[in-house]
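Peer 1: sequence unavailable; structure follows:
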């Protein structure tokens, strides 16, 4: 009789406590006009079918089958798809996880290793659908295995960190701007609804979100105007009013400063 003893030693231990917030299967269709947005948690997208485009901050890139995109918390982003080969993906929201905090996103292709990644995403969905005993524990365990498999398979030195917590006040202000960006918003008005000193609020918002409330408002208006320029026939006069700018000249000026081209040039480029 032979006996082999394997001693278990804790090596390369990474201290993370990710929490699964949600999981969803999404399919892009013609009725879906996604706008730039962000979350106070990390999102992970796995493309299961089709092709599409991701916009993350000022970066635009193509995605396809078996691409995995991880978008860090508080990073503005959106996704879109055109043509018959529509984008389909699984997305999960994760609290307590940030991947390489110096970069807003990370992208990999797991075409040859999809069983190490897609399998666990599908198991999470299966557990939530069936709701058998201990399914929440199973989902959490599958999530951790998924994350460590991605670490194992990644070709660069991907690192994990805990999310930066966003205060309730800043989250409320951000959500208010996301909903009411077309209104005549000001720093004084935002401070008033948050019951905060405007200078303190502005500093706290920048510490949490990475930009001042007014810069975030402008970026939100620009991101929505991009979608309108790409997907509608609205005139420039109509668009600047829809998104909340005070005049067309100011809209043109800010748009060119942020996007490095005029709204008209942006529309023509996207038509091409």
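Peer 2: Good, I have the coordinates. All of these numbers come straight from a predicted model, not from anything done at the bench.
Peer 1: domain ranges for the chain?
Peer 2: The chain breaks down by automatic domain parsing into domains covering 19-161, 168-271.
Peer 1: start and end of the last one, how far apart?
Peer 2: So the one you mean is domain 168-271. Its first and final residues considered, domain 168-271 spans 41 Å by CA to CA, to the nearest Å.
Peer 1: stretch 86-99 now?
Peer 2: Stretch 86-99 has its terminal residues 28 Å apart, counting by CA to CA.
Peer 1: chain center to that stretch: distance?
Peer 2: What separates the centre of stretch 86-99 from the centre of its chain is 8 Å, taken as CA atoms, centre = their mean, to the nearest Å.
Peer 1: my guess is residue 173 contacts residue 206. True?
Peer 2: No. Using CB atoms under 8 Å, residue 173 is not in contact with residue 206; the gap is 11.4 Å. In this view, the C-beta of every residue, glycine as well, is placed from N, C-alpha and C.
Peer 1: one step back: least reliable of the domains of the chain going by mean pLDDT?
Peer 2: Across these, domain 19-161 has the smallest mean pLDDT, namely a mean of 86.
Peer 1: which stretches of the stretch 151-272 of the chain form helices?
Peer 2: 168-180, 187-194, 198-209, 213-231, 236-243, 248-259, 263-271 (DSSP state H, counting those that start in this stretch).
Peer 1: most tightly surrounded among those helices?
Peer 2: Comparing the helices of the stretch 151-272 of the chain by mean neighbour count (mean count of other CB atoms under 10 Å), helix 213-231 comes out on top with a mean of 20.
Peer 1: what's that helix packed up against?
Peer 2: helix 168-180, helix 187-194, helix 198-209, helix 236-243, helix 248-259, helix 263-271 (3 or more CB pairs under 8 Å, 6 or more residues apart in numbering; DSSP states H and E).
Peer 1: okay, angle between that helix and helix 187-194 too, please.
Peer 2: When axes from the mean of the first three to the mean of the last three CA atoms, to 10 degrees is applied, the directions of helix 213-231 and helix 187-194 differ by 100 degrees.
Peer 1: residues contacting helix 213-231, please?
Peer 2: 33-36, 76, 78, 173-174, 177-178, 181-182, 185, 187, 190, 201-202, 205, 209, 211, 234, 239-240, 242-245, 251, 254-255, 258-259, 263, 266-267, 270 (CB atoms under 8 Å, 6 or more residues apart in numbering).
Peer 1: switch to 7 Å and redo it
Peer 2: 33, 35-36, 76, 173-174, 177-178, 181, 185, 187, 190, 202, 205, 209, 234, 239, 242-245, 254-255, 258-259, 263, 266-267, 270 (CB atoms under 7 Å, 6 or more residues apart in numbering).
Peer 1: can you redo the helices and strands packed on helix 213-231 as CSV, where the extra columns are distance to residue 61?
Peer 2: Listed next are the helices and strands packed on helix 213-231 as CSV, based on distance: least, CB to CB, whole Å:
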stretch, distance to residue 61
helix 168-180, 24
helix 187-194, 33
helix 198-209, 23
helix 236-243, 25
helix 248-259, 16
helix 263-271, 15
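Peer 1: nearest residue to residue 36 in space, please, no chain neighbours.
Peer 2: Leaving aside its sequence neighbours, residue 36 sits nearest to residue 223 (CB to CB, 6 or more residues apart in numbering; 3.1 Å).
Peer 1: ditto for residue 152
Peer 2: In space, residue 152 is closest to residue 116, 7.9 Å off (CB to CB, 6+ apart).
Peer 1: just confirm the one you found contacts residue 153, I think it does.
Peer 2: Yes. Residue 116 sits in contact with residue 153 when judged by CB atoms under 7 Å, with a separation of 6.1 Å.
Peer 1: what number of residues are in the vicinity of the closest residue to residue 88 other than its chain neighbours?
Peer 2: Spatial nearest neighbour of residue 88, excluding adjacent residues (CB to CB, 6+ apart): residue 49 at 4.0 Å. By the criterion of other CB atoms under 10 Å, residue 49 has 13 neighbours.
Peer 1: related to what we said a few turns ago, out of the helices of the stretch 151-272 of the chain, which is closest to residue 108?
Peer 2: Between residue 108 and these, the shortest separation by CB to CB is 25.5 Å, and it involves helix 213-231.
Peer 1: so the closest one versus helix 168-180, what angle?
Peer 2: 30 degrees.
Peer 1: done for today, thanks.
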